[in-house]
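>>> after the sequence you'll find the predicted model.
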Amino acid sequence: MNPMQRKSLQMVDHVAAYRDRLMSAAEAVGLVASGAKVAMALGAGAPPAILQALAERARSGGGLHDVRLYYMLSTAVAARTVLAADLNDILRPVSIFHSGVERALDAERLKAQAPAVDFIPAAFQHVPRLLCEHVGVDTLIATVSPMDADGWFSLGTNADYAHAVTRSGAKLILEVNRHMPFVRGECLVHVSQVAALVEHDAPLLELPQAERTETDDRIGAIIAGLIDDGACLQMGIGALPDAVCERLAGHRHLGIHTEMMTSGLARLVASGVVDNSRKRMHAGKTIYTFALGDGFLYDFLRTSPDVEAHPVEYVNDPAVIARNDGVVSVNATVQIDLHGACNSEHIRGRQFSATGGQLDFVRGAYASKGGRSILACHSTAAGGKISRIVPVLEGPVTTPRTDTHIVVTEYGWADLKGKTLAERAHALIGLAHPDFREGLERDAVAAGVIGRR
Ligand code: COA
């Protein structure tokens, strides 16, 4: 048999394997057993037809019980289907990163004096091990691209924890969607590994553009001024990182090694500001672990050969991050205490989001030669009534004071590395809104951190 004949025979095998596994969404969710521990892909990777069918099966009273759904960053599609409140006892949500979906469920549960949605605190880099080893998920539901000639699907927007679950022996129930880009990298799944395929072409979920304020733009300009040409960027979630991207239009030779690939970052690559030419690792390539944004981002992923998706245990490993020089990570926070510790996940005593990859990148950026991490927030919340520079955090420590490097508010920036507690307190009070500075000084004096003036 010549190579051409062998190739076409393999293709026939893959097509046959594909056909064997193809079924309706209702049939596919029939493979989810009572007691199953199901990993659900995050963000744009969540498979709408499978979620709909799973919700219908749970609601049909067909005897499904005790299913646990493990996931991060759920979306409106999940809220309408598997995470609908009336199904929470059958399909029990276990979130590792809250979105508005869990916040809404929690608000209702609070009224009913019921416990909050189950939540597992974890650094994003550890989530694959946590799911595969500690929890022992046995099923994955995710969206993939159409199959290529060699029988491979791409996880596209979502290598993150999904990739590790595809390698764990879990039952793979996948939704093939022609809108999911075939992204290269370590994010491919072979048809031979799959238990069920469901075809469903739905436009990928788009993240609404975060509304930007004048304060976001001021902070964006300050942060852009802290980024040198040739830096390797990670950008977090929210309006602030988007504001920074817009301010980087005049920069040159930037690189990207990021947890989240955003629309703002895609525009920087498309405009030539990012060329990845100064990267020591994956030179010339944009690297991410999950992508969530608008149609521009998804078209960009579809048409850009120099973009790769890799698993989160690799992308977010601080030792991997540090292999590039001049890494700058930009993330938002909720509150900063006078020692420099940051709570980036609790608001008003409730879980708002999660640690995600914040600490992974704070540590990786600092370990990179010439690297720095930047944590930013508005100086106030609630229309100016609440200071976000506080004497004591009201939530968990997302980034400990030992790790915090540069902090930014609309009043400027401070580098906390090498500063004493008193110097930190003075610097942070200088970043607080003027209305709160006196009170914060009093708190710092009372705590014995600074002396009375
Ligand atoms: N007290 C009361 N309300 C507060 C508050 C506080 N201390 N801090 C913020 N809020 C309010 C804000 O005013 C805002 O209200 P609004 O929607 O009515 O304007 C709301 O809570 C959200 O705050 P905001 O700062 O706008 O949040 P964001 O959407 O920009 O997200 C984080 C910021 C910190 C929550 C988000 O970046 C996050 O989850 N980070 C942790 C994970 C991470 O960094 N991962 C890194 C890689 S993706």
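Yep, it's here. Numbers count the residues shown, from 1 in each chain.
>>> for the rest of this, base every contact and every neighbour count on C-alpha atoms.
Will do.
>>> count the neighbours of Leu105 for me.
17 (other Cα atoms under 10 Å).
>>> contacting residues for it?
85, 116-117 (Cα atoms under 8 Å, 6 or more residues apart in numbering).
>>> just the buried residues of these.
Buried members of the contacts of Leu105, counted by 16 or more other Cα atoms under 10 Å: 85, 116-117.
>>> dump the residues you listed to TSV, plus pLDDT and secondary structure.
Formatted as TSV, the buried ones among the contacts of Leu105 follow (pLDDT from 0 to 100; DSSP: H, G, I helix; E, B strand; the rest coil):
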residue	pLDDT	secondary structure
Ala85	97	helix
Ala116	97	coil
Val117	98	coil
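>>> I'd say Arg184 and Ser304 touch.
No. Here Arg184 does not reach Ser304: they are 9.9 Å apart, not a contact under Cα atoms under 8 Å.
>>> comparing the two, which residue is more hemmed in?
A count of neighbours by other Cα under 10 Å puts Arg184 above the other of Arg184 and Ser304, at 19 against 16.
>>> can you pull the residues of this protein lying near the ligand?
Within the chain, the positions near the ligand by Cα under 6 Å from any ligand atom are 236-239, 260, 331-335, 344-345, 347-348, 353-358, 381-382, 388.
>>> try 5 Å
236-238, 331-334, 344, 353, 355-358, 381-382 (Cα under 5 Å from any ligand atom).
>>> let's see which of those residues end up in helices.
Judged by DSSP state H, the residues of the chain next to the ligand include Gln358 as members of helices.
>>> from the chain's centroid, how far away is stretch 51-66?
28 Å (Cα atoms, centre = their mean, to the nearest Å).
>>> what residues of that stretch count as buried?
51-59, 64-66.
>>> for the stretch 301-450 of the chain, which segments count as helices?
Using DSSP state H, counting those that start in this stretch, the helices of the stretch 301-450 of the chain run over residues 312-315, 318-321, 358-367, 421-431, 434-446.
>>> for the stretch 1-150 of the chain, which spans come out with low pLDDT?
1-12 (pLDDT under 70).
>>> quick one: the helices in it?
Under DSSP H, counting those that start in this stretch, the stretch 1-150 of the chain gives helices at 3-21, 25-29, 48-59, 76-80, 100-111, 127-129.
>>> got the domain boundaries for this structure?
Listed by automatic domain parsing, the domain ranges of the chain are 12-199, 214-446.
>>> need those in a markdown table (columns: distance to Glu206).
Shown next, in a markdown table, are the domains of the chain (distance: least, Cα to Cα, whole Å):
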| stretch | distance to Glu206 |
| --- | --- |
| domain 12-199 | 7 |
| domain 214-446 | 5 |
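>>> and of the ones you listed, who's closest to Leu207?
domain 214-446 (4.8 Å; Cα to Cα).
>>> now do the closest one, average pLDDT.
Averaged over domain 214-446, pLDDT sits at 97.
>>> now swap in stretch 153-171 and tell me
Stretch 153-171 shows a mean pLDDT of 98.
>>> in it, which residues are buried?
Buried residues in stretch 153-171, counted by 16+ other Cα under 10 Å: 153-166, 168, 170-171.
>>> start to end distance for that stretch?
16 Å (Cα to Cα, to the nearest Å).
>>> buried among the residues of the chain next to the ligand? Need that as a selection in ChimeraX.
The buried residues among these can be selected in ChimeraX (16+ other Cα under 10 Å) with this line:
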select :236,237,331,332,333,334,344,353,355,356,357,358
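>>> the residues of the chain next to the ligand in strands, which ones?
With DSSP state E as the criterion, strands contain 331-332, 381 from among the residues of the chain next to the ligand.
>>> and these, which is closest to Asp20?
Asn331 (45.1 Å).
>>> with only the CA atoms kept, save stretch 205-225 in CSV.
Taking C-alpha atoms only, stretch 205-225 is exported to CSV below (Å, rounded to 0.1, in the frame of the first residue of the first chain):
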residue,chain,number,x,y,z
LEU,A,205,-20.9,32.6,23.3
GLU,A,206,-19.7,36.1,23.2
LEU,A,207,-18.6,38.0,26.3
PRO,A,208,-20.3,41.4,26.4
GLN,A,209,-17.7,44.2,26.3
ALA,A,210,-17.2,45.4,29.9
GLU,A,211,-18.5,48.9,30.2
ARG,A,212,-15.6,51.3,30.6
THR,A,213,-15.5,54.3,32.8
GLU,A,214,-13.2,57.4,32.8
THR,A,215,-11.5,55.8,35.9
ASP,A,216,-10.8,52.6,33.9
ASP,A,217,-9.2,54.7,31.2
ARG,A,218,-7.0,56.6,33.8
ILE,A,219,-5.9,53.4,35.3
GLY,A,220,-5.3,51.9,31.8
ALA,A,221,-3.0,54.8,30.9
ILE,A,222,-1.0,54.4,34.1
ILE,A,223,-0.5,50.7,33.6
ALA,A,224,0.4,51.1,29.9
GLY,A,225,3.1,53.5,31.1
